[in-house]
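Asker: structure, please.
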Amino acid sequence: MEIKELVSRETIENRLDELAKKLDEDYIDKDLVIVSVLRGAVFFTVELTLRMKSKMQFEFVQVSSYGENTESSGSVQVKKDVSSDISGKDILIVEDIIDSGITMDFLIKHLKAKNPRSIKICSLASKPERRKVDVNIDYLGFEVPNKFLIGYGFDTKEYYRNLPYIGYVE
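Answerer: The predicted model follows:
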């Protein structure tokens, strides 16, 4: 398997600094809850929030529409839900990638049912050409081509998440 670099570590770090600054401006004095989508968004969530100065709580969700496949099945399941009351709070969903939009659309509706004050999305990457459901991404790291990504949280069969850059497989 040949891995090619798509987004360098330096480029990721610069974008993280920009996103953290913008998020701090938008969430100053808010009751912020970061909802990180397991497992892919963990690297992005940690490195992004370490750069932020805002007061925040953390929650984790795990949803799946892929299973063992590289394409979404279209059927979404909640494998792990938030564990605290998020009603009246400002939710920032932190995701690794918005692809078809099916999973994120489901997750937004799922969390809205818990009555938060607001819900916004911060995604490391977006593949707009794959979109089946329109999803508004409030904070975006990178728009990426329709390639199979690995590294910096992206995986193939749970491997290669720990690469320090975003790569792709030909």
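
Asker: state the next helix or strand along the chain beyond the helix-or-strand element of the chain with minimal mean pLDDT.
Answerer: Sorted by mean pLDDT, DSSP states H and E, the helices and strands of the chain end with strand 77-80, the least confident at a mean of 91. Counting by DSSP states H and E, the next helix or strand C-terminal to strand 77-80 is strand 90-98.

Asker: name the residues that touch the next helix-or-strand element following that next one?
Answerer: Downstream of strand 90-98, the next assigned helix or strand under DSSP H and E is helix 102-112. Applying CB atoms under 8 Å, 6 or more residues apart in numbering, the contact partners of helix 102-112 are 35, 37, 61, 63-65, 72, 74, 76, 78, 81-82, 86, 91, 93, 95, 98, 119, 121, 123, 132-133, 135. For every residue, glycine as well, the C-beta is placed using N, CA and C.

Asker: which residues are in contact with the longest helix along the chain?
Answerer: Counting by DSSP state H, the longest helix found in the chain is helix 9-27. If you take CB under 8 Å, 6+ apart as the criterion, helix 9-27 is touched by 44, 47-49, 51-54, 56, 90, 92, 122, 139, 141-142, 152, 164-166.
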